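> The amino acid sequence is not available; the structure is as follows:
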């Protein structure tokens, strides 16, 4: 006699003897969940692969496409304002940063407002080469442009490249 058949018989016996609801419910639960012959029902998560919503390659392609759009300048005023406000906060700090890094620099919205008496050198990092080619840096500030993913910042692990100011203003919303 199989386990499933035995549990069904126990269930009928409990009902016939008018046993308590607790015992009857527990036996019915065991009958429903113990069947080994029924195939498992496929769910959406078991049939389809999980979607990677943090796909860095797709994001880099999207940023490159947006950089090449003719109407890119229509939303540029917002980024310009964020860049100015972020740079203004950096200028409020009363020290000179030797090596600043702007992650997700895009077209250098923060770097274009930096002055040599606040930052000696700025490194602009972005996934889009088109954005970096159009980036502007403040007069008198040394700069370097690196095409890289913001998540892979191993470039700055060496002592001579270690930044003392990291700027990340508006790349998250882009």
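Received the coordinates, thanks. Only a predicted model underlies this, so the values are computations on that prediction, with no experimental measurement involved.
> Can you pull the domain assignment for the chain?
Under automatic domain parsing, the residue ranges defining each domain of the chain are 3-36, 56-173.
> tell me the mean pLDDT over the shortest one?
In this model, domain 3-36 has a mean pLDDT of 57.
> which stretches of this structure form helices?
Per DSSP state H, the chain carries helices over the ranges 3-16, 21-34, 44-47, 56-68, 76-92, 129-133.
> list the contacts for residue 119?
For residue 119, the contacting residues are 90, 96, 97, 100, 138, 141, 165, by CB atoms under 8 Å, 6 or more residues apart in numbering. From N, CA and C alone the C-beta is placed, and that goes for glycine too.
> Which of the residues you listed fall within strands?
97, 100, 165 (DSSP state E).
> okay, those residues in a markdown table with distance to residue 71 next?
A markdown table is the format used below for the ones in strands among the contacts of residue 119 (distance: CB to CB, whole Å):
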| residue | distance to residue 71 |
| --- | --- |
| 97 | 35 |
| 100 | 31 |
| 165 | 33 |
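> Neighbour-wise, give me the winner out of the residues you listed.
residue 100 (23 neighbours; other CB atoms under 10 Å).
> Show me what that one is bridged to.
Counting by DSSP bridges, residue 100 is bridged to residue 122, residue 165.
> can you pull the contacts of it?
90, 114, 119, 121, 122, 123, 163, 164, 165, 166, 167.
> Buried ones among the residues you listed?
90, 114, 119, 121, 122, 123, 163, 165, 167 (16 or more other CB atoms under 10 Å).
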